[in-house]
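Visitor: fold the following.
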Amino acid sequence: MHLIKEIGGLDALRLCTSTVAQAILLVTCLVGEASAASCLPPPRPFVPSDSEAAQAYADLIRSDFELYIRDIQSYFRCLEEERARAFEEAREVSQDYGRFLELMDE
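Guide: The predicted model follows:
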């Protein structure tokens, strides 16, 4: 009888583990889709108002600007891809709505 309880406990553990795994998979998919559809602009580079500080950190500031220019180009590409995705989705939804309206007329 004790063995049956242990086996039952294992089944419950497997069920719990399976449920947790499914929840993790669902969250991973949702987060992946959300991040794919969201474009985050890069932060603006900081330029100190003090000329001595600007000269002292010129290499770092220059690097920040170059990084910004690279990242803003990626951001623009992301926005364009998202616009294209949203446009295609809107076209598909429009077609779905047309099919729905046809079904309502029958």
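Visitor: pLDDT of stretch 93-102, averaged?
Guide: Average pLDDT, stretch 93-102: 97.
Visitor: could you list the domains of the chain?
Guide: Using automatic domain parsing, the domain ranges for the chain come out as 1-36, 41-106.
Visitor: what mean pLDDT would you report for the shortest one?
Guide: It refers to domain 1-36. Averaging pLDDT residue by residue across domain 1-36 gives 51.
Visitor: now do stretch 45-55
Guide: 95.
Visitor: got the CA positions of it in PDB?
Guide: Presented in PDB, the C-alpha positions along stretch 45-55 are these (Å, rounded to 0.1, in the frame of the first residue of the first chain):
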ATOM      1  CA  PRO A  45      24.200  59.800 -26.200                       C
ATOM      2  CA  PHE A  46      25.100  62.100 -23.400                       C
ATOM      3  CA  VAL A  47      27.300  65.100 -24.100                       C
ATOM      4  CA  PRO A  48      28.600  66.900 -21.100                       C
ATOM      5  CA  SER A  49      28.200  70.700 -21.100                       C
ATOM      6  CA  ASP A  50      31.600  71.100 -19.600                       C
ATOM      7  CA  SER A  51      34.300  71.300 -22.400                       C
ATOM      8  CA  GLU A  52      37.000  69.800 -20.100                       C
ATOM      9  CA  ALA A  53      34.800  66.800 -19.400                       C
ATOM     10  CA  ALA A  54      34.000  66.500 -23.100                       C
ATOM     11  CA  GLN A  55      37.700  66.500 -24.000                       C
END
